[in-house]
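Asker: can't give you the sequence, but here's the structure:
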């Protein structure tokens, strides 16, 4: 008995030894090949000496062969990026612990551009500017790296925007539609719900992606999201992460965080890292959405870097190329033509204004670069109109080409109606004698405003949007008191979901309201009216 | 030191005037410095400082620093110097330094170009790879 046991253990040990030996020998072989490679070569490199360092910047003498934007290696594993090439000196920004770099240190060129890991492995992760994980989910397994700075796709590779990004926010999908490959600016004062719009959009994409996955719908093109937090408070980033996790959006999302405590260098580079990650999806025929939250802080970080590099400053001490900084970043958002994979990268940059001033330097720059803006107003926000979208100042220059037909049918005149309502409402305050047409316009306007109020983190599917707006357009809401419109809408949505799933499905599939669907909608709404008087 | 445009231009002109037939001319350098001190233009001390720096960088470009782990015999030395002069021109000066920290091999630096064939460098690269 003992004997057999012993012999069994013995064979186990020898097996283990054999396996270990095999692994060891393969490791040894690997080291051997690495040594072989090293033996043969004497390395040639270009070096310089650090003359001055501080504020995350080093000035290096020498480095005669360095290229612009090339990575420079310092002792102790610190890397820098050559940004200023002067006659006898090179100005470099430092990444990592810049206290480890000292005067007199030798700096070496590497011949490499700064790159970040890209690919699907980044979905569900929180990373820093260099693509290193900040969550406790282990290393990121990816083989592919993309350079941070890349020339945007040219004219030949692009096509016009033709597919929608369903944000799930009714006011946006109806009036300021966003297409895949578009750059739509979200602009407004502090605390007006800019980030909320971005987060809502991410949640909406996640729900659509998940629904398509569950239904095994191969025609649906999932939209992956990248959220770049530039100079945000860590608590804000944590809150966003928490919301996205709670709503089940993280499996389709990457968060790049360069918080306020990070170096200006990392804050300046974070949006470019995000763009590189998004470009991978675009290059591989997939669709991605990137949110830069926010570019005003990004410009401030770049201003700091430029000033310590002693670049000449211009208006408001921003360097002369601050426009180019944002234009080259946003130009990387594109919709590729089918020959080049048909992928897309949609960009939603965010700009924070001071006291509603859209004519400040950075905001006018970004407004002119983007294909439209969603302008959020403090006054509306405090009146309870949330999302506080200002209809007059918000515009989407290309998105209507991407709207599905059903939305066009029901929302075609909404923007005009609302604009007229706002104008009339200002006059109507003073007098009570109004003709019937004006009265009707005001009533309709009030109801549209109510309809477009929406709770945060609660995107509405496009088919429900169509049904609700069809009801509004066809006068079903006219008999509902204004303060009960929201209640009516929620009840209607609920009722449609539970009772008329087939009808909603048909709208989703046909993407258009034909005679048949309209009569079905009419019947459904009449039925709803009788059940909910 | 804050260098303005004037200082930079003047010191650069002085450097340009310091060459005869593409080689630094000590006589001209001395006379340039003397005449500057005699004339005393604006910021002349800063100009001199910057000129000195530019000269230093220029000299570094023409000097080869050869570091070895142990003493090298004279035959190798002369072959090395001849080869370097062939590559960088006849006015190259050489400086030999023994540095046991390199463990073995040789490291040559001319200006900002470095050829590193030392054992220490290989070990460092191995460390990075692993």
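Answerer: Now that the structure is in, tell me what you want to look at. Note that this is a predicted model, so its numbers are computed, not measured.
Asker: point out where the chain drops to low pLDDT.
Answerer: The chain I'm using is chain A. For chain A, applying pLDDT under 70 flags the ranges A:1-21, A:37-41, A:431, A:533.
Asker: wrong one, chain B
Answerer: B:1-2.
Asker: tell me the residues on chain B that lie near chain A, please.
Answerer: Residues of chain B found near chain A (CB under 8 Å from any CB of the partner chain) are B:53-54, B:57, B:60, B:109, B:111-117, B:121-122, B:125-126, B:129-130. Every residue, glycine included, has its C-beta placed from N, CA and C.
Asker: buried ones among the residues you listed?
Answerer: B:53-54, B:57, B:60, B:109, B:111-114, B:116-117, B:121-122, B:125 (16 or more other CB atoms under 10 Å in any protein chain shown).
Asker: what about those, which are in strands?
Answerer: B:109, B:113-114, B:116 (DSSP state E).
Asker: helices of chain B, start to end?
Answerer: Counting by DSSP state H, chain B has helices at residues B:5-17, B:26-39, B:44-61, B:74-88, B:119-129.
Asker: mind checking the ones you listed for the one nearest to residue A:49?
Answerer: helix B:44-61 (9.7 Å; CB to CB).
Asker: now the residue nearest to residue A:163 when sequence neighbours are not counted: how far from residue A:358?
Answerer: Leaving aside its sequence neighbours, residue A:163 sits nearest to residue A:180 (CB to CB, 6 or more residues apart in numbering or on different chains; 4.4 Å). As judged by CB to CB, to the nearest Å, residue A:180 and residue A:358 stand 26 Å apart.
Asker: contact partners for residue 106?
Answerer: With no chain named, the answer covers chain A. Residues near residue A:106 by CB atoms under 8 Å, 6 or more residues apart in numbering or on different chains: A:47-50, A:75.
Asker: should've been chain B
Answerer: B:66-69, B:72, B:115, B:117-118.
Asker: can you check residue A:304 too?
Answerer: Contacts of residue A:304 by CB under 8 Å, 6+ apart are residue A:264.
Asker: doesn't it fall inside a helix?
Answerer: Yes: membership of residue A:304 in a helix is supported by DSSP: H, G, I helix; E, B strand; the rest coil.
Asker: mind checking how far it is from chain B?
Answerer: Note on residue A:304: its distance to chain B, by CB to the nearest CB, to the nearest Å, is 20 Å.
Asker: same deal with residue A:465?
Answerer: 56 Å.
Asker: could you report the neighbour count for whichever residue of the stretch 351-500 of chain A sits closest to chain B?
Answerer: Proximity of the stretch 351-500 of chain A to chain B (CB to the nearest CB) peaks at residue A:361, 27.3 Å away. Applying the criterion other CB atoms under 10 Å in any protein chain shown, we find 15 residues in the vicinity of residue A:361.
Asker: rewinding a little: what about residue A:180 and residue A:358, which has more around it?
Answerer: Between residue A:180 and residue A:358, residue A:180 has the larger neighbour count (other CB under 10 Å), namely 25 against 14.
Asker: now for that one: which residues touch it?
Answerer: By CB under 8 Å, 6+ apart, the neighbours of residue A:180 are A:161-165, A:223, A:287, A:335, A:344, A:346, A:402.
Asker: again, only this time at 10 Å
Answerer: Contact analysis of residue A:180 by CB atoms under 10 Å, 6 or more residues apart in numbering or on different chains lists A:161-165, A:221, A:223, A:282, A:287-289, A:333-335, A:342-346, A:399, A:402.
Asker: now the angle between helix B:44-61 and the top strand by length along chain A, please.
Answerer: Looking across chain A with DSSP E, the single longest strand is strand A:43-54. Strand A:43-54 and helix B:44-61 are oriented at 160 degrees to each other (axes from the mean of the first three to the mean of the last three CA atoms, to 10 degrees).
Asker: can you tell me the strand partners of strand A:43-54 and which way each runs?
Answerer: Next to strand A:43-54 in the sheet, as set by DSSP bridges, lie strand A:57-62 (antiparallel), strand A:106-113 (antiparallel), strand B:113-116 (antiparallel).
Asker: end-to-end on stretch A:163-182?
Answerer: 10 Å (CA to CA, to the nearest Å).
Asker: contact residues of chain A facing chain B?
Answerer: Taking CB under 10 Å from any CB of the partner chain as the contact definition, chain A meets chain B at A:30-31, A:34-35, A:37-39, A:41-49, A:51, A:60-66, A:73, A:77, A:87-90, A:106-109, A:310.
Asker: show me the contacts for residue 44.
Answerer: In the absence of a named chain, this looks at chain A. Contacts of residue A:44 (CB under 10 Å, 6+ apart): A:65, B:108, B:113-117.
Asker: meant chain B, my bad for not saying
Answerer: B:7, B:10, B:36-38, B:51.
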